[in-house]
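**Student:** build me a model from this:
(one chain, ligands or ions: 2)
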Amino acid sequence: MAVNSIGVIGAGQMGNGIAHVMALAGYDVVLNDINEDALKKAMELIQGNMDRQVSREKISAADRDQAMARIVATQDLPQVAQTDLVIEAATEDESIKQKIFDGLLPHLGAETILTSNTSSISITRLASRTDRPEKFMGFHFMNPVPVMQLVELIRGIATDKDTYETCLGVVQKLGKTAASAEDFPAFIVNRILMPMINEAVYTLYEGVGNVNSIDQSMKLGANHPMGPLELADFIGLDTCLAIMNVLHDGLADTKYRPCPLLTKYVEAGWLGRKTQRGFYDYRGETPVPTR
Ligand SMILES: CC(=O)CC(=O)SCCNC(=O)CCNC(=O)[C@H](O)C(C)(C)COP(=O)(O)OP(=O)(O)OC[C@H]1O[C@@H](n2cnc3c(N)ncnc32)[C@H](O)[C@@H]1OP(=O)(O)O
Ligand SMILES: NC(=O)C1=CN([C@@H]2O[C@H](COP(=O)(O)OP(=O)(O)OC[C@H]3O[C@@H](n4cnc5c(N)ncnc54)[C@H](OP(=O)(O)O)[C@@H]3O)[C@@H](O)[C@H]2O)C=CC1
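**Tutor:** Ligands and ions are numbered 1, 2, ... in the order given. Below is the predicted model:
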């Protein structure tokens, strides 16, 4: 199926990155959020990230201007439904995603492919509650989207070949690499990455190390570009906790139990960079560890 336009629901850190790369690749983009401020902030971030790409000579000023002109930001969900491929990238909460699909379905074009950028939630279950399980799949970008090469493609039990191949074609047009994952909790990347982050939080909780020593150990000792606690703040601690809960519930194995300290940070509203406080406090000039 030919894809010319992309709908993105949720204008948080993933939604703005997805809109950015799609518009640069030549797709018309409709970016939606319930929150007007989130939409405004997303457009400013996309502009700023593209400006940086221009100043580093990765793209031309004309590429940037044409791409920006391809993005429409709207709070109107039915407008998204008119696109060829919808990528839902709202908060990692199944009931929120469910409500979005319920609101979208009555307006959705007959041929539109519906996907979710979920980090962990069952694609088969999300698909089963729509009118098009065969045209539904997981389209999982990595953060930051403009930088990371991988996209995980996850087929639900009913996803058809044409849907998979259409999504694969979009990944290729973006110049990114697709990895196919089976539909089991948290797929491939987060099945491996999130228990490591959760173990880093346990290491902190048990006093084996502090925030600095844990992050430094993994950066200098294992050559990770970011320490696990810095990465957790970057991803969002609410998202990390939600993924651990999906692993714990879905695989029914106590080895995936979320660390109580991770839960405590989320309960405090210290969600990482997006709220300016998590394992580090970002309110000053440089990040300061909170433990
Ligand atoms: C939770 C899930 O469901 C799945 C996930 O996404 S898990 C998270 C996966 N992501 C990671 O693991 C990220 C790990 N961290 C990294 O790879 C690196 O620290 C990083 C790429 C984020 C930053 O790299 P760095 O070398 O420290 O910083 P920096 O030199 O400033 O940036 C490198 C490039 O990325 C760009 N960049 C960095 N952050 C960016 C952002 N948020 N948006 C757009 N571009 C960004 C910079 O502009 C720079 O571009 P150039 O090469 O053109 O100069
Ligand atoms: N963070 C990461 O590193 C990665 C995240 N993901 C996945 O991407 C998705 C989005 O994550 P992320 O961007 O980090 O989350 P954010 O919290 O940054 O953004 C989520 C956005 O969705 C908005 N939203 C909430 N409800 C609705 C709704 N009903 N309609 C439209 N928008 C809504 C939120 O608005 P408000 O703020 O008002 O609630 C917010 O702007 C999640 O499924 C996550 O698991 C995938 C890969 C990596």
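**Student:** leaving out chain neighbours, which residue sits closest to Phe136?
**Tutor:** Ala127 (3.7 Å; C-beta to C-beta, 6 or more residues apart in numbering). C-beta here means a position set from N, CA and C on the backbone, and glycine is covered the same way.
**Student:** that neighbour - how many residues pack around it?
**Tutor:** 25 (other C-beta atoms under 10 Å).
**Student:** please renumber the chain so that the first residue is 295 from this point on.
**Tutor:** I'll keep to 295 as the first residue from here, and by that count the last item is Ala421.
**Student:** interface residues of the stretch 395-544 of the chain facing ligand 1?
**Tutor:** Proximity of the stretch 395-544 of the chain to ligand 1 is confined to 413, 436-438, 440-442, 483-484, 487, 519-520, 525, 529, 533 under the rule C-beta under 6 Å from any ligand atom.
**Student:** follow-up on the earlier one: tell me which residues of the host helix or strand of the residue nearest to Phe430 are tucked away?
**Tutor:** Assessed by DSSP states H and E, Ala421 sits inside helix 417-422. Of the residues in helix 417-422, 417-418, 420-421 count as buried by neighbour count, 16 or more other C-beta atoms under 10 Å.
**Student:** immediately after that helix, which helix or strand?
**Tutor:** Immediately after helix 417-422, counting by DSSP H and E, sits strand 430-435.
**Student:** what residues does that next one touch?
**Tutor:** 308, 311-312, 381, 383, 407-413, 417, 420-421, 424, 442, 445-450, 452-453, 457-458, 461, 475, 477, 481, 483 (C-beta atoms under 8 Å, 6 or more residues apart in numbering).
**Student:** ok, 6 Å please
**Tutor:** 312, 381, 408-411, 417, 421, 424, 445-446, 448-450, 453, 457, 461 (C-beta atoms under 6 Å, 6 or more residues apart in numbering).
**Student:** I'd like to know which of the residues you listed are part of helices.
**Tutor:** If you go by DSSP state H, those have 312, 417, 421, 457, 461 in helices.
**Student:** what sits against the closest residue to Val540 other than its chain neighbours?
**Tutor:** Spatially, and ignoring its direct neighbours in sequence, Val540 is nearest to Ser414 (4.0 Å; C-beta to C-beta, 6+ apart). Going by C-beta under 6 Å, 6+ apart, Ser414 touches 479-480, 484, 537, 540.
**Student:** could you single out the nearest of these to Arg585?
**Tutor:** Ile537 (21.8 Å; C-beta to C-beta).
**Student:** return the distance of the closest one relative to Gly463.
**Tutor:** 28 Å (C-beta to C-beta, to the nearest Å).
**Student:** can you check Arg551 too?
**Tutor:** Distance of Arg551 to Gly463, given as C-beta to C-beta: 40 Å.
**Student:** again, but for His434
**Tutor:** From His434 to Gly463 the distance is 17 Å (C-beta to C-beta).
**Student:** repeat for Leu541
**Tutor:** 31 Å.
**Student:** neighbour count: these two, which is higher?
**Tutor:** A count of neighbours by other C-beta under 10 Å puts Leu541 above the other of Leu541 and Gly463, at 24 against 14.
**Student:** and the residues of the stretch 395-544 of the chain next to ligand 1, which are buried?
**Tutor:** By 16+ other C-beta under 10 Å, those give 413, 436-437, 440, 483-484, 487, 525, 529, 533 as buried.
**Student:** pLDDT of the longest helix that the chain contains, averaged?
**Tutor:** Determined from DSSP H, the single longest helix within the chain is helix 330-349. The average pLDDT for helix 330-349 rounds to 98.
**Student:** from the contact counts, what lies against it?
**Tutor:** helix 307-318, helix 355-363 (3 or more C-beta pairs under 6 Å, 6 or more residues apart in numbering; DSSP states H and E).
**Student:** and the last one, which residues are buried?
**Tutor:** This points to helix 355-363. Result for helix 355-363 [16+ other C-beta under 10 Å]: buried residues 357-358, 361-362.
**Student:** quick one: the residue in the stretch 295-444 of the chain that ligand 2 sits nearest to from ligand 1, how far?
**Tutor:** Closest approach between the stretch 295-444 of the chain and ligand 2, counting by C-beta to the nearest ligand atom: Gly306, at 1.8 Å. Distance from Gly306 to ligand 1, counting by C-beta to the nearest ligand atom, to the nearest Å: 12 Å.
**Student:** can you name the residue of the stretch 445-585 of the chain nearest ligand 1?
**Tutor:** Pro519 (3.7 Å).
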